[in-house]
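Participant: A predicted structure for the sequence below; I have some questions about it.
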Amino acid sequence: MSVVVAIIGAGEAGRRFALKCALAGYDVVLEDVMPANLRRAQAEFADLTGNMGAGSMSFALTVEDAVREAAIAIDFVPDELESKLEIFCLIDRMAPPRTILCTPTDALSITDLASCTYRGDRCFSVRGDMMTRGDSLGPIRILHPRETDEAALRWVRSFFERLTGDLTGAITVEIDPDVPMLVKNAVLL
């Protein structure tokens, strides 16, 4: 059975990450609210269709179509609270219950984002150059709420290890519990 990765956002980082996933053997469904971004991605990947090994790349016009069969949904929307909350709530409503939600963010608390979903124990944030540039092999840091589905956490870790080609041990995946923004702010007072 193939593993479907839904990538929401076909900007530059989303396109690079989608390609990395397809080349690693995943079946990628790429979606973007802007038709121009999706057309650019289709044109970029048209020549690569036969070179993706066991993976594939398809395109969806709606988030619902993108996440319908996804094992993991990763958004590449702007790193601002309103955008992340909107996409998390949308994916949460439309994706199957088993789907893991993942977001690249350097600024937001995954604990806070996860609390707005029905699958808070299956939500993760990822930090590292791979998520912002899409082509770097630097370290990756996975953050999760205190209450986390351990099987989902192991799956996310193996997903990113497969993407980084972590055969030599040079790539690390750090797993740290996240702290809600309210707690962070209280400590600063």
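Facilitator: Cool, got the structure. Numbering: from 1, shown residues only.

Participant: which SS state does Arg40 fall under?
Facilitator: helix (DSSP: H, G, I helix; E, B strand; the rest coil).

Participant: What count of nearby residues applies to it?
Facilitator: A count of nearby residues for Arg40, using other Cβ atoms under 10 Å, gives 16. Using the backbone N, CA and C atoms, a C-beta is placed for each residue, glycine as well.

Participant: need the contact list for it.
Facilitator: When contacts are counted by Cβ atoms under 8 Å, 6 or more residues apart in numbering, Arg40 touches Ala10, Arg15.

Participant: Please report the distance of it from Ala13.
Facilitator: For Arg40, the distance to Ala13 equals 13 Å [Cβ to Cβ, to the nearest Å].

Participant: Which parts of this protein are strands?
Facilitator: Counting by DSSP state E, residue ranges of the strands within the chain are 4-8, 27-31, 56-60, 72-75, 100-104, 123-127, 140-144, 173-177.

Participant: and the first one, how far from the chain's centre?
Facilitator: Here the centre of strand 4-8 is set off from its chain's centre by 7 Å, with Cα atoms, centre = their mean, to the nearest Å.

Participant: With stretch 117-136 instead?
Facilitator: Once both centres are worked out by Cα atoms, centre = their mean, stretch 117-136 turns out to sit 5 Å from its chain's centre.

Participant: Now for the spatially closest residue to Ser58 that is not a sequence neighbour: which residues touch it?
Facilitator: Using Cβ to Cβ, 6 or more residues apart in numbering and skipping residues adjacent in sequence, the residue nearest Ser58 is Val29, 5.3 Å away. With contacts defined as Cβ under 8 Å, 6+ apart, the neighbours of Val29 are Val4, Val5, Ala6, Ile7, Ser58, Phe59, Ala60, Asp65, Ala66, Val67, Glu69, Ala70.
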